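Asker: Coordinates for the following, if possible.
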Amino acid sequence: MRLMSRRIALMTVTLVAMRGPLADAQAGADVPLAAVEAERLGAPEAHQGVAASRDSIYAVANSTVARYDKVTHKRLAIWNGDPARFPHLNSCVINGRDLVCAFSNYPATPMHSQVLWLDARTLTYKRIHDLGHGHGSLTWFLPHAGNWWAAYANYDGRGGEPGRDHTATLLVRYDRQFHETGQWHFPADVLARMAPKSASGGAWGKDGLLYVTGHDRPEIYVLRVPKSGDTLEHVTTIASVTDGQAIAWDPAEHRILWSIERGTEQMVASRIPPVPAALLSRSLLSRPLLSRPLLSR
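Answerer: Here you go, the predicted structure:
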């Protein structure tokens, strides 16, 4: 009896030790994450998205971009594009002295995607790069880790092309010469939440994770590029204070993310909670053992 009791005790201790990290990960994964609103700034151009620099906030509309002072909220500059030439700006991002904007011919088809460069201070036109017709409708074009990362939206119905729906939404990596170096699908559960639209906003966090918004739902999907495989990993979802569209991290504030509220024409700053290590661990545990990328160069 004593020997059996010792064996049972030893087995119990061993099982507790083995399940400790996993149990902690599962417990942490059950904690809901939510953004907390910090500030609102009115801007009549806040229809498609927002960009942010250390001292300025940029409101993005279909054919217009406006720069606002972050402190005084005064409009400092505006760029008005020809709607026939720039029918649908989707998002912009600061890259050095440039404001880089993704735009397309949405809802026209065949889909055609281009990238616009403006001077970040004066909003004067600099150049355009034509990505042509290919993976879908370009919604964001982000610099990260020495590459460009592009989201190509696909839609059910209006703005979509025959044979493709929202599930064809794709993340594409380009080198600095705009050569494709990788492609990844979006997770099925995230696509289901974005349907019938697609990935409207994206922003790389300093934590190396990709924060993505859809078109309508007040949700931020935290994704990670897998070490192998052709599908992004869904780490967690964070409740947002606004309904989708293009987003941007504030480079001057820790964990402050800017988004827009289209109905009220406002740019909204919210504090985003850090992703718990437990969630990252759970995502690692769920990675497939065997998989390969769609494209590798």
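
Asker: for the stretch 101-250 of the chain, what spans make up the helices?
Answerer: Secondary structure of the stretch 101-250 of the chain by DSSP state H, counting those that start in this stretch: the helices cover 188-194.

Asker: quick one, strands of it?
Answerer: 113-119, 125-132, 137-144, 147-153, 170-174, 180-185, 201-204, 210-213, 219-224, 233-239, 248-249 (DSSP state E, counting those that start in this stretch).

Asker: Could you report the neighbour count for the closest residue in space to Arg158 that isn't next to it in sequence?
Answerer: Spatial nearest neighbour of Arg158, excluding adjacent residues (Cβ to Cβ, 6 or more residues apart in numbering): Pro107 at 5.2 Å. C-beta: built from backbone N, CA, C; applies to glycine. By other Cβ atoms under 10 Å, the residues close to Pro107 number 14.

Asker: OK, contacts around the closest residue to Gly136 other than its chain neighbours?
Answerer: Closest residue to Gly136 apart from its sequence neighbours, by Cβ to Cβ, 6+ apart: Tyr152 at 3.4 Å. Contact partners of Tyr152, counting by Cβ atoms under 8 Å, 6 or more residues apart in numbering, are Ser113, Gly134, His135, Gly136, Ser137, Leu138, Thr139, Thr169, Leu170, Leu171, Val172.

Asker: pLDDT weak spots in this protein?
Answerer: 1-31, 283-297 (pLDDT under 70).

Asker: Can you tell me the centre-most residue of it?
Answerer: Centroid check for the chain by Cα atoms, centre = their mean gives Gly202 as the closest residue, at 1.9 Å.

Asker: and the gap between Thr264 and Leu123?
Answerer: Distance, Thr264 to Leu123, using Cβ to Cβ, to the nearest Å: 24 Å.

Asker: sorry, that was for Gln183
Answerer: Taking Cβ to Cβ, one finds Gln183 at 32 Å from Leu123.

Asker: wait, what's in contact with Gly136?
Answerer: Met111, Ser113, Tyr152, Ala153, Asn154, Arg164, Ala168, Thr169, Leu170, Ser198.

Asker: what's around the fourth one, how many residues?
Answerer: The local packing count at Ala153 equals 28, with neighbours defined by other Cβ under 10 Å.

Asker: doesn't Ser137 make contact with it?
Answerer: Yes. The criterion here is Cβ atoms under 8 Å, and Ala153 meets it with Ser137 at 4.7 Å.

Asker: before we move on, back to that, give me the more crowded residue out of Thr264 and Leu123.
Answerer: Set Thr264 next to Leu123 and count neighbours by other Cβ under 10 Å: Leu123 wins out with 19 against 11.

Asker: The more buried one: what's its closest spatial neighbour, skipping adjacent residues?
Answerer: Trp79 is the one closest to Leu123 (Cβ to Cβ, 6+ apart), at 3.9 Å.

Asker: Repeat that for Ala120.
Answerer: Of all residues not flanking Ala120 in the chain, Leu99 sits nearest, at 4.6 Å (Cβ to Cβ, 6+ apart).

Asker: mind listing what that neighbour touches?
Answerer: Going by Cβ under 8 Å, 6+ apart, the list of residues near Leu99 reads Ala51, Tyr58, Val65, Cys92, Val93, Trp117, Leu118, Asp119, Ala120, Leu123.

Asker: what about it, which helix or strand?
Answerer: Element membership for Leu99 (DSSP states H and E) is strand 98-104.

Asker: Convert that strand to CSV, retaining C-alpha atoms only.
Answerer: Provided in CSV are the C-alpha atoms of strand 98-104 (Å, rounded to 0.1, in the frame of the first residue of the first chain):
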residue,chain,number,x,y,z
ASP,A,98,6.6,59.8,-47.4
LEU,A,99,3.0,59.0,-47.0
VAL,A,100,2.4,55.8,-48.9
CYS,A,101,-1.2,55.1,-49.9
ALA,A,102,-2.9,52.0,-51.3
PHE,A,103,-5.6,52.5,-53.9
SER,A,104,-7.7,50.7,-56.4
